[in-house]
Structure formats: C-alpha cells, structure tokens
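Engineer: sequence plus predicted model, see below.
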Number of protein chains: 2
Amino acid sequence: MQAEILATGDEIRTGALVDSNSASIAELLEQNGIEVTRHLAVGDDLSMLVAVLKEIGARADAAVVTGGLGPTQDDLSAEAAAQAAGVSLVADARALEEIEAFFRKRGRPMSDSNRKQAFFPQGARCLYNALGTAPGFQMRIDRCTFFFLPGVPHEMRAMLHEQVLPALHALQGTAPQFRLTRVVSTFGLPESIVGERVAAIAGLYPDIKLGLRAKFPEIQVKLYLNSADAAQGEARLAEAVQWARERLTPNVFSVNERSMAAEVGELLRQRSATLAVAESCTGGLIANWLTNTPGSSDYFLLSAVVYANDSKVKVLGVSEETLARKGAVDEETARQMAEGARRAAGATYGLATTGIAGPGGGSAEKPVGTICSALAGPQETISRRLTLSFGQRQMNKQMFAMLALDLLRRYLTGVLKPA
Amino acid sequence: MQAEILATGDEIRTGALVDSNSASIAELLEQNGIEVTRHLAVGDDLSMLVAVLKEIGARADAAVVTGGLGPTQDDLSAEAAAQAAGVSLVADARALEEIEAFFRKRGRPMSDSNRKQAFFPQGARCLYNALGTAPGFQMRIDRCTFFFLPGVPHEMRAMLHEQVLPALHALQGTAPQFRLTRVVSTFGLPESIVGERVAAIAGLYPDIKLGLRAKFPEIQVKLYLNSADAAQGEARLAEAVQWARERLTPNVFSVNERSMAAEVGELLRQRSATLAVAESCTGGLIANWLTNTPGSSDYFLLSAVVYANDSKVKVLGVSEETLARKGAVDEETARQMAEGARRAAGATYGLATTGIAGPGGGSAEKPVGTICSALAGPQETISRRLTLSFGQRQMNKQMFAMLALDLLRRYLTGVLKPA
C-alpha cells in the first residue's frame, strides 16, 4: 500500500510554521509497513486544494491530510474534499453534539464559527476528536482513501493512532509487514566519518537499509528492515546494531533513541548517584534537557545557572580572585563551579560549563566557541577546554551542553580514564 | 513568479527527520515577493526523484531542492537532475579544490566519497558552499530554474541568502513585489477567541491577509500584505497591527516576533532591572529561553534549578518547615523561592515556579498541571496558583514557563496591578 501525506495551510506554505505533522505521520505509517511515497504541502487556496486532492486521489492508495478543519474562514478542507469528490456538505449530528459538549465541559462559550466544524462531505465518515473541537473525516476520492485530520499535533496524533491506523490495517487486508527501525546515536564524529565506518553494512546486511541523520549536534545511524516476522526482524537488526556500535565506539551514546541527557540520567540512576550542574554559557539547557525525562528528580538535584559573576561567587563559592585573575571562561573557574555545585547540592557529581556562545563576547585569546567544562566527583575534578564554533548562539549552546554531558557519560562508563 | 520547494531524503520521507528547511526557504521567498505554491518531499529513490523533478520542471518558474548532495551512496540529487535534463555528470574543478581546502583547513582527512560531491550535471552552475563540503548547483529543467542546496540547515540558509536570492531577483527581472508580514503574538486566549476578535479585519483591511498560527503555547496572528512599495505597505500593516493589538490586549506580548523571554528581557533592560529565577517544575526552561537572547547577561543574573527540596533549602533559603507543612508545590513555597533567588543574586526581581509537570507526581489535591508561580520585587511578592494540563510533560513545562514570564511581563507593564 502506497500512501501520501498532505499538509495544508498558508502558515505552512509560506513557511511561517514548520510542518512537523507530516514527519510523525510518515514515521507511524512506515513502522506499520505502509510505504510513504510523497509529502506535499499547499496553502489555503480552494482551487489548489481541489487540484491536489484529485492528483493524489488518482495516484495513491491512501492519504493523510492535516489542517484546514478549524473554525475560521481559511479552513477549507471539507469544502475542497467535497468539490474533489463532487458531493455536497452535510452536518454530522454527533460531531455537532461533541463540539457543544467540549465547550460545556470547559465552561467556555461556543461560537458560531465552531458550528461550521460539524459539516462534512456527503458520504464521509466522521473521525471524532476527543481532545479538541475539530473533528476529522475519512472519505474516498477516486482510487484513494483519504483521512482528514486537524493540524494541532497532539490531537492529530491521537486520532492517527486510534482511528486512522486501524482503518488502514483494515484496508490493507493482508498481515502487516513490520517496518523495523533502530537508531545508533553518536556524538563527536563528523557525518562523513560515521558514514564510512558503517558503509560495509550494505554488503554484510543486504536486507537492512542504512540512513544517516545529522540531528545537530548528534549524528544518528538509522537501520531499517521490513520483515513479516517482528521477532525475527528485531533479532536481525540487533545484530547489525551491535556491529555498527563496535565500529563507532566510544562515540555511541545510545542505541534506543534515548537522548544524551536521558542516557546520562540512566547511568546515574544505575549507580545510585546524583548530579548537580553549574551552567554559565549553556544557560539552563543542560537542566532543561535533564528534566525532560520523567523521574529525573531521582538523580538531578540542582542546576545553578550562574550568568552573573557575582552569582558564581555567592551561589557556588567560586573564588573572586580566580575570576579576577583568570576570568569567567577558564578551566580553573569551571572546576570551582563544578565543585561548588556538587557541594551546594550534596550531589555525587558536579558538572560545570563556562564559555562564549556568541555572537558577542569573544576575544583573540578566547574566541566565540570557547568552552570550558569540568566534572567534580568523589575522587577528583577533571576539566577540558575546547574551541568549536557554529556561528549561531543556540547551536553553540547545544554543542556545549552535549560536550559537558558527554564528559560525564564517558567518565561514568569508564571510557574516559582519569589522566 | 511561482516557486516550488522540494525536500529530498529517506529521513524526511519516512519521518525520521522533520523538514524545517522548506519552511525557512518558503518564508524567504515569500518575503521577496515570490509566491510559493507547493512543497514536496520524496525519498532517496532515483526514479521518483527524476519523475518529480520533471513534474516541477513542467509546472513552476523556480524551485529550490534540498538534500542529496552529501558524500554517501544515497545522495542522488546531481544524478537525478542530470537524468531529468538528459545530460551527463562532469567534475567542477573549483568545487573539487574547495572541498580539498575545507578538509586541509580543518586538518581532517578527505575521503574518496567527498570527491563525488564535486560532480554536477553538464551545464549546471556550481553554487559554492563556504560552510561545508557539499556544493550546490543551479540548472534549468524544462521551463523551471532549479537551485539544488545541501540539507544542512545553516549551510542551506547561507547559500539561499547569498546565492539563490540574487539569482531569483535577476530571473524575475521586474521590481520585486514586497511580501510583508507582521506577527502579533498572544498568550492566554484560545485560538477560536483570537480568531473571532480579529475576524473583522477582512472587512476593514481587505488588502491584508490574515492567518492564525497556534505555536504552543502562543497563538500568533499573522498579517500579510503584498505591496510594490515597501514603506507604504509597512505603514498600512502597522495600522492593522495596531487595530489587532487593541482587540487582543492585554494578551498581546509582542508585535515583532520577539519571544516572550526576549520581550521580558527588553522590558527589564528598559528599566535597568535585573532578574533571578528559581525553577522547579520548569527545570531550566525559563533560563534556557532567557539566555537564547544575545546580551541577556545584562539583566539575567541567575536561575537556581532546584529540583531537590534540599536544594530549595540550601540554595534559596526556603524554610524546611514550610516544605514539611505545605509541600514543594505551594504558593508559599513559590514565594520563598522567588524571594530567595532575588536575595541570592541581588536582583531587582525574583521569579519562581513550582508545580507538577507529570506524568507522575500528581495527587487529588495537586493534580498534574498544578503550577504555582511567584514574583518577588522591591515592593512586594505576588503569587498565583493554576491547574492546566496538556497531557505531556514538555508541553506542561512550556506552559508553566510562559505563565511565569507572562506574570513578570504583566507586572512590568502595569497590566497586572498589585492586589
């Protein structure tokens, strides 16, 4: 079964909004053995929408369309679908009831424009939306079965899982082919080197497809396999993952799509260790990444985001003399920050960053991209100084945060031996 | 001139990677008066690529293609373009030289696979890449001028601005139509209410196009205008922005695409005030947002990300008795955190969050989504308690961080009067 994905809306067409829906739809379809052949996006233009729906209708077996179901006048999906199929719009009683109930429950007034959302092309099957006010619908145009979903990501995803996927499996009729994926996440090697190290996989595992993905600041190696038997396929993939991992060690930090922060958290949890962070140039990004993992309060105690020198002194006990003599961006300062954070929180480890994220603040001696990181533990404090610049403040922050977390990961896994 | 955008790569087709390039290309083209009619994405499949290039070649005036220029075997753009145009591939001497120089400069070995990146379709104009190893190229297929760019976002963007845009202006020949955009950013109203409040704009300003964009947790009102005269258009748009702002006050926090954090930063800067933050449930996100703005060190002194109760006591001086009696998620605790952060950093204002981001940790009395925020200033400390749940940890963190920053924004602008 070949599927296409259509995102609609002027916000997407004009680039005001990055379309992340199409990627999450594609990922789910592919995982369920449905080949995605094309993504398309067009604006809120009725004749363009009708034309594209007809094109897809003549070409694909299935299509998922997002957007254009809202209450405003530029929401045109139902009308376009009706025109493409040559039918009229009719109200769906249950959809109208559910929209009314949604507003009642929240004690919010229902507007007339919300009522429009209960009108669908004749013959369409309504797809109810438990999380929002915009129901979707399923209908056939030409040879293709279309699923129209709202553009709000979490509403779209819930409907995709609960309503679209079962309908697609029913359409497929056959036992689903399992599309299996594994991700080997690396940090610290350029993409071309990663690619060369694993290139031989094509000969060793001809049934497995390889994809490299630069997800700054990581490079991911993705392995894909289509298999009629999920367990057998998983075993085969695990073998290839192990092979790739050996070629890329010690730069591999996870083989299960876990982020660097979640992986470091897991390493801390396994060791019943705790962490305190002192962040200058990373500005809270390390803490934000760590706390995106549920349960991180088990090991993450504190991050002191000490942007001002005065805060470095008061909160972390960094020596004023060191700051005066060496400056804020210095390995010795980083060491004192790491030790101060560890002490302030009573944590097993203290991790610190201080550097220059730019665009301003650089000098000949300490250019933008200079990053000092330090790790204080029960036995010792280690520190590193590097200069790496990516020309963008947020990229530099991300790289700095990854470098610091990787320092801790390598230390905890014994890859980084004490000097 | 009508343009299309094509993203290539199995990572995008299968949803492993969210395509943000197409949005940034669309935005730039639209701003320069070039209408973007379609976005497309297909995988690393030679025959599909050739077919889609031919389709676009027959339909559009210009097209920007991203991806498929890298060193690996699934990088097929040059070959597909050659086949679509019916020409062969030839090496570009300068491109080869530049790739060699790139590796020399970084002291990294150049691989054979990198050499392949210097081969282009006969007749193509090479677009050099100062930031990476993948040069792009410009060529005609059928009636359309294509620009092939690398998929790495910052390389792509640099080439788009420096090479593609001037070429497009030359192709257009006429004085460019200015596509003007303004964004009114709101927080705290549902999308349907925002839409209704500004719906009358269609009658008042028929030349201006309206788009609503839910950029969680904000709702943006975007106003678009095509104009031959940039200054005249800007004045007209400014008038409409002012009208929309009045309908949406006090929920409008910026009219210049400034983020809430940048806007709060600007308000602090104007008042020569400084800020210290104490974050529990937001886990560093407020600090991360604040420090994404260059120069934020002028007003942002400290964020204490106090995940552990012990850190709340030691770093911020929160009373152990309050924590024992009321718990970590409590307005009184939030007040002490805000006052503690303000005191620890010697800041004008202290801002604190403590809440339950989920998925665990909720109770009947304090369910997931409970957020207490507090603001301590020279005159007083104020606090708020709300319950809002979005079913996802990261969405809850974002909402909590916005609520806290909005509390400070309203206080600084006088919208929030002391109780």
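Structural biologist: Sure, I can see it.
Engineer: and A:K314, what is it in contact with?
Structural biologist: Applying Cβ atoms under 8 Å, 6 or more residues apart in numbering or on different chains to A:K314 gives the contacts B:A344, B:A345, B:G346. From N, CA and C alone the C-beta is placed, and that goes for glycine too.
Engineer: same list, those residues, but only the ones touching chain A.
Structural biologist: Restricting the contacts of A:K314 to those adjacent to chain A (criterion: Cβ under 8 Å from any Cβ of the partner chain) gives B:A344, B:A345, B:G346.
Engineer: ok now the helix ranked longest in chain A, how far from the chain's centre?
Structural biologist: Determined from DSSP state H, the single longest helix within chain A is helix A:393-413. Here helix A:393-413 is found 18 Å from its chain centre; the criterion is Cα atoms, centre = their mean, to the nearest Å.
Engineer: got the buried residues for it?
Structural biologist: Of the residues in helix A:393-413, those buried by neighbour count under the rule 16 or more other Cβ atoms under 10 Å in any protein chain shown are A:393, A:395-412.
Engineer: helices and strands around it, which ones?
Structural biologist: Using 3 or more Cβ pairs under 8 Å, 6 or more residues apart in numbering or on different chains; DSSP states H and E as the contact criterion, the elements in contact with helix A:393-413 are helix A:260-270, helix A:285-291, strand A:349-355, strand A:370-376, strand A:381-387.
Engineer: A:L49 is nearest to which of those?
Structural biologist: Relative to A:L49, the nearest member of the helices and strands packed on helix A:393-413 by Cβ to Cβ is helix A:285-291, separated by 38.9 Å.
Engineer: which helices and strands sit right next to the closest one?
Structural biologist: Contacts of helix A:285-291 with other secondary structure elements, assessed using 3+ Cβ pairs under 8 Å, 6+ apart, are made with helix A:260-270, strand A:275-279, strand A:300-306, helix A:393-413, helix B:285-291.
Engineer: neighbouring strands - and their directions - for the shortest one?
Structural biologist: Strand A:275-279 sits in its sheet next to strand A:300-306 (parallel), strand A:349-355 (parallel), going by DSSP bridges.
Engineer: is the residue sitting furthest away from the middle of chain A in a helix, a strand, or coil?
Structural biologist: The C-alpha centroid of chain A is most remote from A:E321, which lies 42.8 Å away (Cα atoms, centre = their mean). Local secondary structure at A:E321 is given as helix here, using DSSP: H, G, I helix; E, B strand; the rest coil.
Engineer: looks like A:V198 contacts A:A244 (just checking).
Structural biologist: Yes: counting by Cβ atoms under 8 Å, A:V198 does reach A:A244; the two are 5.1 Å apart.
Engineer: re the thing from before, need the helices and strands packed on helix A:393-413 in CSV (columns: distance to B:L168 and mean pLDDT).
Structural biologist: Output for these, formatted as CSV (distance: least, Cβ to Cβ, whole Å; pLDDT from 0 to 100):
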stretch, distance to B:L168, mean pLDDT
helix A:260-270, 39, 98
helix A:285-291, 36, 98
strand A:349-355, 38, 98
strand A:370-376, 38, 97
strand A:381-387, 37, 96
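Engineer: so which of these is nearest B:S303?
Structural biologist: Distances from B:S303 to each of these were compared by Cβ to Cβ, and the smallest falls on helix A:285-291, at 8.0 Å.
Engineer: lowest-scoring secondary structure element of chain A by mean pLDDT?
Structural biologist: Across the helices and strands of chain A, mean pLDDT, DSSP states H and E gives its lowest value to helix A:112-115, namely a mean of 82.
Engineer: what pairs with the following helix or strand past it, parallel or antiparallel?
Structural biologist: Secondary structure here is assigned by DSSP states H and E; on that basis, the next helix or strand after helix A:112-115 toward the C-terminus is strand A:119-121. When pairs are called by DSSP bridges, strand A:119-121 turns out to pair with strand A:89-91 (antiparallel).
Engineer: any buried residues in the strand it pairs with, and which?
Structural biologist: Of the residues in strand A:89-91, none count as buried by neighbour count, 16+ other Cβ under 10 Å.
Engineer: same question for it, mean pLDDT?
Structural biologist: Here strand A:89-91 scores 93 as its mean pLDDT.
Engineer: thanks again, I'm all set now.
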